[in-house]
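J.: Predicted model and sequence follow; I will ask about them next.
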Amino acid sequence: MAELLEVKNIRKAFGGRVAVDGVSFAVERGTVLGFLGPNGAGKTTTMRIIAGYLLPDAGSVSVLGTDAVAAPVAVQRQIGYLPENTPLYGEMTVEEFLDFIGEVRGFHGRDKRRRIAEIVEQCFLEPVRHQTIDTLSKGYRQRTCFAQAIFHDPPVLLLDEPTEGLDPNQKQVVRDMIRRMGQQKIILLSTHILEEVEAVCSRAIIISRGRIVADSTPDELRRRSIAYNAATVKLGIPAAQAEAELRQLPALAEFRILDRDHGTCTVYLRPGDGRPLAPEIHALACEKKWPLMDVHTDPGDLSEVFRRITVTEDTRSTARAAAP
Ligand SMILES: Nc1ncnc2c1ncn2[C@@H]1O[C@H](COP(=O)(O)OP(=O)(O)OP(=O)(O)O)[C@@H](O)[C@H]1O
Ligand SMILES: [Mg+2]
């Protein structure tokens with residue numbers, strides 16, 4: 001119980017416009033939870049509520065057993081928050097800023113200096129240590145803000161688009177860090193980069209119009225893809241013969257000839273039920289003595305699932321609103 005971050009039925013409206021509409025979930029330690037959703041879906045608002053920067057209109061948040069509304073200060077000690085728009089003190093140098101954060105987080109003297117040195121190394125801030133924040137490039141600003149979020153090594157991290165603006169090398173570094181820290185902590189991160197979700201998240205929540213529309217593992221979500229387990233097959237037989245036989249496979253949703261050339265063909269087959277087709281194709285090729293030159297199985301596509309789930313939800317809402 002105390003190892004959980006629990007969000008129960010939170011709601012938040014701004015001037016009559018509902019931003020978060022009854023969001024509930026619980027996350028245990030050792031989880032990196034990806035928070036996905038279209039622009040304006042309510043991700044940042046939910047994170048700000050958990051971080052204690054915004055009060056919900058209804059619902060509750062409990063962080064490792066402590067109620068966020070009743071004890072905001074105690075909860076903020078347990079949380080590191082990387083906000084969406086890195087608000088930093090522009091006139092300070094990176095080192096002065098981290099020194100300030102250290103003081104705020106209750107570090108002093110040698111402890112504080114040691115922690116600053118660790119953080120500077122961990123977040124690759126050495127080259128800009130003495131530079132004022134206003135003059136930093138976007139990526140270094142982001143990393144300085146990330147440093148601020150992890151300074152006190154909190155058990156819960158809320159990271160709102162943590163790799164936004166980073167170059168590919170630094171994206172990788174930050175993802176590795178998140179994955180490593182995620183083994184011990186509860187990490188909630190929002191992102192629009194679906195490959196990031198597959199690379200670092202053990203769980204993914206898709207939010208659309210303030211509501212959770214999917215909550216699963218990235219793998220399981222990818223398997224909901226329409227093209228999951230579809231096969232592209234190259235055979236050493238004429239296309240017409242391949243078509244006549246392969247169309248007989250049960251529950252086939254789609255069959256297409258992609259290419260034909262002097263007694264060989266490449267065909268596309270999509271199962272209607274997501275089952276793997278490769279074993280059936282292998283068995284058939286073996287039985288008929290067809291030269292099987294290549295089989296590629298589609299691993300599914302998270303972005304297609306994302307588009308379908310969120311568009312469907314938006315369309316439904318629009319349809320509901322338009323209904324008499
Ligand atoms: N302080 C505010 N005042 C008024 N409306 C707000 C405020 N903060 C957020 N909103 C509205 O709430 C809705 C949800 O916004 P939110 O920032 O949570 O979305 P998001 O999922 O983080 O989107 P993005 O992917 O663009 O970051 C939007 O319609 C937004 O305009
Ligand atoms: Mg946001």
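T.: That came in fine, so what should we check first? Numbers count the residues shown, from 1 in each chain. Ligands and ions are numbered 1, 2, ... in the order given.
J.: Show me which positions of stretch 22-40 end up buried.
T.: 23, 25, 27, 29, 31-38 (16 or more other C-beta atoms under 10 Å). The way it works is simple: take the backbone N, C-alpha and C, and place the C-beta from them, glycine included.
J.: Now do the helices in the protein.
T.: For the chain, applying DSSP state H gives helices covering 43-51, 72-78, 94-104, 109-122, 138-150, 168-182, 194-200, 218-223, 239-246, 278-288, 302-322.
J.: doesn't residue 158 make contact with residue 188?
T.: Yes: assessed by C-beta atoms under 8 Å, residue 188 is found in contact with residue 158 at 5.1 Å.
J.: Leaving out the residues flanking it, which one is nearest to the residue in the stretch 51-200 of the chain positioned nearest to ligand 2?
T.: The nearest approach of the stretch 51-200 of the chain to ligand 2 comes at residue 84, 4.9 Å away (C-beta to the ion). Nearest in space to residue 84, with sequence neighbours left out and distances taken as C-beta to C-beta, 6 or more residues apart in numbering, is residue 160 at 4.3 Å.
J.: List the residues that contact the one you found.
T.: Applying C-beta atoms under 8 Å, 6 or more residues apart in numbering to residue 160 gives the contacts 43-44, 47, 81-84, 189-190.
J.: Pick out the lowest-pLDDT one from those residues.
T.: When the contacts of residue 160 are compared by pLDDT, residue 84 scores lowest at 85.
J.: That one and residue 161 touch, don't they?
T.: Yes: under the criterion of C-beta under 8 Å, residue 84 makes contact with residue 161 at 6.1 Å.
J.: Those two - which one has more neighbours?
T.: residue 161 (20 against 13; other C-beta atoms under 10 Å).
J.: rewinding a little: which two among the buried residues of stretch 22-40 are spaced furthest apart?
T.: Greatest spacing in these, by C-beta to C-beta: 29 and 38 (29.3 Å).
J.: that older thread, neighbour-wise, which of residue 188 and residue 158 wins?
T.: Each of residue 188 and residue 158 has its neighbours counted (other C-beta under 10 Å); residue 188 has more, 29 against 25.
J.: And the pLDDT at that one?
T.: 97.
J.: Distance check, it against residue 82.
T.: The gap separating residue 188 from residue 82 is 10 Å, by C-beta to C-beta, to the nearest Å.
J.: for residue 72, same thing?
T.: Distance from residue 72 to residue 82, by C-beta to C-beta: 18 Å.
J.: where does the chain have low pLDDT?
T.: 1-2, 86-87, 311-324 (pLDDT under 70).
J.: Ligand 1 contacts on that one?
T.: Contact residues (C-beta under 6 Å from any ligand atom) of the chain with ligand 1: 14, 19, 37, 39-45, 84.
J.: can we see that at 5 Å?
T.: 14, 19, 39-45 (C-beta under 5 Å from any ligand atom).
J.: Tally up the residues packed near residue 75, please.
T.: 22.
J.: That one touches residue 60, doesn't it?
T.: No: using C-beta under 8 Å as the test, residue 75 is too far from residue 60 to be in contact (11.6 Å).
J.: which neighbours do the two share?
T.: 67-68.
J.: Skipping its backbone neighbours, what lies nearest residue 280 in space?
T.: Closest to residue 280 by C-beta to C-beta, 6+ apart is residue 249, at 5.9 Å.
J.: now that neighbour: how far from ligand 2?
T.: 45 Å (C-beta to the ion, to the nearest Å).
J.: Would you mind measuring from that residue to ligand 1?
T.: For residue 249, the distance to ligand 1 equals 42 Å [C-beta to the nearest ligand atom, to the nearest Å].
J.: Got phi/psi on that residue?
T.: phi -60, psi 140 (degrees, to the nearest 10).
J.: what's the neighbour count on it?
T.: Residue 249, neighbours per other C-beta under 10 Å, totals 15.
J.: now residue 254
T.: 12.
J.: In the sheet, which residues pair with it? Tell me.
T.: residue 270 (DSSP bridges).
J.: shouldn't it be in contact with residue 269?
T.: Yes: contact criterion C-beta under 8 Å: residue 254 and residue 269 qualify, at 7.0 Å.
J.: Need the residues touching each of these two.
T.: Common neighbours of residue 254 and residue 269 (C-beta under 8 Å, 6+ apart) are residue 230.
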